[in-house]
Every structure is written in structure tokens, then in C-alpha cells.
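Novice: dropping a prediction and its sequence here:
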Amino acid sequence: MIVEEIMRTEVVTLTENDSIAKAIKLMNEKKIRHLPIIDENQRLIGLVTDRDIRDATPSILFDTEKYKELLQNPLKMIMKTDIITGHPLDFVEEVSAILYEHRIGCFPILKEDKLVGIVTETDLLRTLVELTGAHQPGSQIEVKVPNKAGMLYEITTVIRNRKANIQSVLVYPDKKDEKYKIIVLRVQMMNPLSIIKDLQDAGHQVLWPNDPGQSS
């Protein structure tokens, strides 16, 4: 999946000469936490977040007049200019890794040096839910298998024989033993006990759902 498929194209922006007060008002109205700052040519020149605003403005209880004065300062005084950006054709997985590694909350998307979209951590979370099918009725099954080729085929064959529809598949390494990996499947059925039994009969180790009467 590429960024173009999940990015928001209706991006709320301001200019560097707009006031902090205007940014606060806009953020509250639009319920957003990130404001790209652009120039007259739609080029990205900065970024302001709700954290930047909190850091730049002390509590209103400290000094009301000073607070009002600070709110009239232009955004260029507090905006970040060292911004990590992406392209519409970047892969969503790569963008997710960048947000995680750099601990940032949004990713402005540029095309031909112009701002065309934005991806936030909320967008990525929504995408994860959609990709895993977690928002749809179904059951999750987790199976521990040897870390070798062909294991996913073996597991999906068992499920296919039950004529169950697979909504999503995730595979990740077993943190306790690198010789194994965990296959997580979401199937479109509310009672997966028949599949679990078939998997166990085939010699596979089902981690979830786990029947207390069965060995894990």
C-alpha cells in the first residue's frame, strides 16, 4: 500500500505570519494537532504542533497580559523548519517506521516540492485496523510455527479446507526463540473451534484461542 491511498488531501495550513492565536483557534475548530506552514506557492516551509504552542505559551494564569501578547506573535517564531517529509508513492510501511523511529506525529507529503497531503499517526492506526480487519466481525487465530519456508501455506491450507474466508494475515518473529515465528490470521467466522482442532491435529501449536485443556 502506498501513501497516496491513505493520506489526507484536504490539509489545513497557515502561513508563517499568521499568529499563534489563529493557530490555536484553528486547531480547536478542526480538532487537529499539526499545522503545516506554507508560502504563497504552496511550498512547505515549517510545521507547528500543539506541543510547540504549549511550549511557547505559559499558562494564562501566570500573566494574562503577557499571555495575550505572546498569542499575537507570528508562527515563524515557533515553527519547526527541519521537517521529515514523504512522497505520495512512498510505502505506508516505510512511513510508519519513520514516524516510529523519529517519534513524530505527522508526515507532510510533497509532490514537486508542493504540499499535497499529510499522514498522521491516527491515519496509520486507522489503516492498521482496516488492514487487519479488526473492525469487522470475525475471529483471530495465532499459530506458532518453525521459521522456515512453506509454513504459511500449510496453515492457510487447513483453513481453506474448512472453506473459511481469511480476512488478514500478519507474520512476526517469536521474540523468545528466533527459530520460530507467529502467524496471526483473522477469519470470517465467529466460532473457530473446528479450525483450531484441525490445526492441532495437523501438529501445529495454536497460541490463541488457547483451550486450557490443550497443551500450548
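Specialist: Alright, I've got the coordinates. Numbering: from 1, shown residues only.
Novice: burial count for Ala202?
Specialist: Other residues within reach of Ala202, judged by other Cβ atoms under 10 Å, total 12. (C-beta placed from N, C-alpha, C; glycine too.)
Novice: please apply the same query to the one 4 residues further on.
Specialist: Other residues near Val206 number 19, with proximity taken as other Cβ under 10 Å.
Novice: which strand residues bridge it?
Specialist: The bridge-partner assignment for Val206, based on DSSP bridges, gives Val143.
Novice: quick check: it vs Asn147, distance?
Specialist: From Val206 across to Asn147, the span is 17 Å (Cβ to Cβ, to the nearest Å).
Novice: equivalent analysis for Ser168, please.
Specialist: 21 Å.
Novice: what does Ala164 give?
Specialist: 25 Å.
Novice: repeat for Lys179
Specialist: Distance from Lys179 to Asn147, by Cβ to Cβ: 6 Å.
Novice: Met79 now?
Specialist: In terms of Cβ to Cβ, Met79 sits 47 Å off from Asn147.
Novice: looking at these two, which is more packed in?
Specialist: Met79 (21 against 14).
Novice: that one - nearest residue in space that isn't next to it in sequence?
Specialist: Spatial nearest neighbour of Met79, chain neighbours left out: Gly46 (3.4 Å); criterion: Cβ to Cβ, 6 or more residues apart in numbering.
Novice: quickly find the element holding the one you found.
Specialist: Using DSSP states H and E, Gly46 sits within strand 44-49.
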